[in-house]
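Participant: Model the following, please.
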Amino acid sequence: MAHLSFRETLRFYVPPWLSDRPGRSVGFRYLYGIASVLDAGAEVLVQGIQSRFPGVGTPTALPYIGRDRRIFRGPQQTDAAYAAELVRWLEYWRTAGNAYTLALALQTFLYPGAPRVRLVTRTGLWWTLDPSGELSWHEADPNNWDWDSITHPEKSGDWSDFWIIVYPPSFDDAGNWGPSDGQTWGPGKAFGLDTASGTIDTIKRIVQQWKGAHTRCVCLIVAYDASSFDPAAAPGAPGMPDGHWGRWSKDDGSGGRIKSRRDDARYVEV
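Facilitator: Take a look at the predicted model:
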């Protein structure tokens, strides 16, 4: 919005002998130069005040506001989208520690896809946050989430354990590592996911920040099949954890080792 400046109002306050007269404007130009400095200072003052308001001031202030409010920015999040999250920061902290806030923080970090995010506990309680923002929950009775009852039976009483499942669109599969497809292990890359390792580190920080202090996130699962890990699935259904998933592999019955988990997902220990 247009606003008056010191330079524009100067001509209304000077006496006639200092006014902007043809051929006799030396005095006015001198005062005009001083007013320009005042205008520059006023502009710095206004921008400084506005910069503390996300979406109003300069976007260069967003990283500092985000650091103070502890709201992480997604790797593809625009200035406008991130500013909107910073505005609602008190809503996040008011409900910190519950399943919805954790799922929402992950969903917004993965902007612009806003994938479906699920949380499931060891006791079979499921929360689902859809891309539309609708939250639903389901209690599996009997319990259909058996992660490690065979590999780690001593953990059966760890009721506060939970798992996070993120569906497409999130991170592309990095494929098989090796020279055959050009994928090689190296610094800065995540293992199994086509994204930077720093992004995964930030996700781990998000989980630790927003989860309940009494809970432990065992694993973040990046699922590529949108129909996988159905909260309504029967215990022991194909593709659901069968008690062997506490380790990457299991005995094939003849002394060999085979993978214990479904291969259309990636697993990140948090």
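
Participant: Make sure A213 is actually in contact with G97.
Facilitator: Yes. Counting by Cβ atoms under 8 Å, A213 does reach G97; the two are 6.6 Å apart. (Glycine included, C-beta is placed from N, CA and C.)

Participant: Give me the more crowded residue out of those two.
Facilitator: A count of neighbours by other Cβ atoms under 10 Å puts G97 above the other of A213 and G97, at 14 against 8.

Participant: Would you confirm that the more buried one belongs to a strand?
Facilitator: No. Using DSSP: H, G, I helix; E, B strand; the rest coil, the assignment for G97 is coil, not a strand.

Participant: Please report phi then psi for it.
Facilitator: phi 100, psi -10 (degrees, to the nearest 10).

Participant: Equivalent analysis for I65, please.
Facilitator: According to degrees, to the nearest 10, I65 has phi -70, psi -40.

Participant: That one contacts E85, doesn't it?
Facilitator: No. Using Cβ under 8 Å, I65 is not in contact with E85; the gap is 10.4 Å.

Participant: which one of the two has more residues nearby?
Facilitator: Neighbour count, other Cβ under 10 Å: between I65 and E85, E85 has more, with 24 against 19.

Participant: C-terminal to the helix or strand hosting the more buried one, what's the next element?
Facilitator: When elements are assigned from DSSP states H and E, E85 belongs to helix 79-87. Later in the chain than helix 79-87, the nearest helix or strand by DSSP H and E is helix 89-94.

Participant: How far off centre is that next one?
Facilitator: On the basis of Cα atoms, centre = their mean, to the nearest Å, helix 89-94 sits 15 Å off its chain's mean C-alpha point.

Participant: repeat for stretch 196-216
Facilitator: Here the centre of stretch 196-216 is set off from its chain's centre by 10 Å, with Cα atoms, centre = their mean.

Participant: tell me which residues in that stretch are buried?
Facilitator: Buried residues in stretch 196-216, defined by neighbour count with 16 or more other Cβ atoms under 10 Å: 199-200, 202-203, 206-207, 209-211, 215.

Participant: Longest helix in this structure, please.
Facilitator: helix 26-50 (DSSP state H).

Participant: Which strands and helices lie in contact with it?
Facilitator: Helix 26-50 sits against helix 6-10, with contacts defined as 3 or more Cβ pairs under 8 Å, 6 or more residues apart in numbering; DSSP states H and E.

Participant: So which bits of the helix it packs on are buried?
Facilitator: 6, 10.

Participant: what pLDDT, on average, does that helix get?
Facilitator: Helix 6-10 carries an average pLDDT of 86.

Participant: Show me what it is packed up against.
Facilitator: By 3+ Cβ pairs under 8 Å, 6+ apart, helix 6-10 packs against helix 26-50.

Participant: So which of the buried residues of stretch 196-216 belong to helices?
Facilitator: With helices taken from DSSP H, the overlap with the buried residues of stretch 196-216 comprises 199-200, 202-203, 206-207, 209-210.

Participant: I'd say S136 and T128 touch.
Facilitator: Yes. Look at S136 against T128 with Cβ under 8 Å: they come within range, at 5.1 Å.

Participant: And these two? Which one has more around it.
Facilitator: Higher neighbour count among S136 and T128: T128, with 19 against 11, using other Cβ under 10 Å.

Participant: Next up, identify which helix or strand the more buried one is on.
Facilitator: Assigned by DSSP H and E, T128 falls within strand 125-129.

Participant: And stretch 225-245, what's buried?
Facilitator: Quick answer for stretch 225-245 (16+ other Cβ under 10 Å): 228-229, 231, 233, 239-245.

Participant: what stretches of this structure score poorly on pLDDT?
Facilitator: 1-3, 175-187 (pLDDT under 70).

Participant: Check the gap between the most centrally placed residue in it and A40 for me.
Facilitator: Centroid check for the chain by Cα atoms, centre = their mean gives F109 as the closest residue, at 1.9 Å. Noted for F109: a distance of 39 Å to A40, by Cβ to Cβ, to the nearest Å.

Participant: Let me see the ranges of the strands in the stretch 151-270 of the chain.
Facilitator: 161-166, 216-223, 249-251, 257-259, 265-269 (DSSP state E, counting those that start in this stretch).

Participant: in the stretch 101-250 of the chain, which spans are helices?
Facilitator: Listed in chain order, the helices found in the stretch 101-250 of the chain under DSSP state H, counting those that start in this stretch are 197-210.
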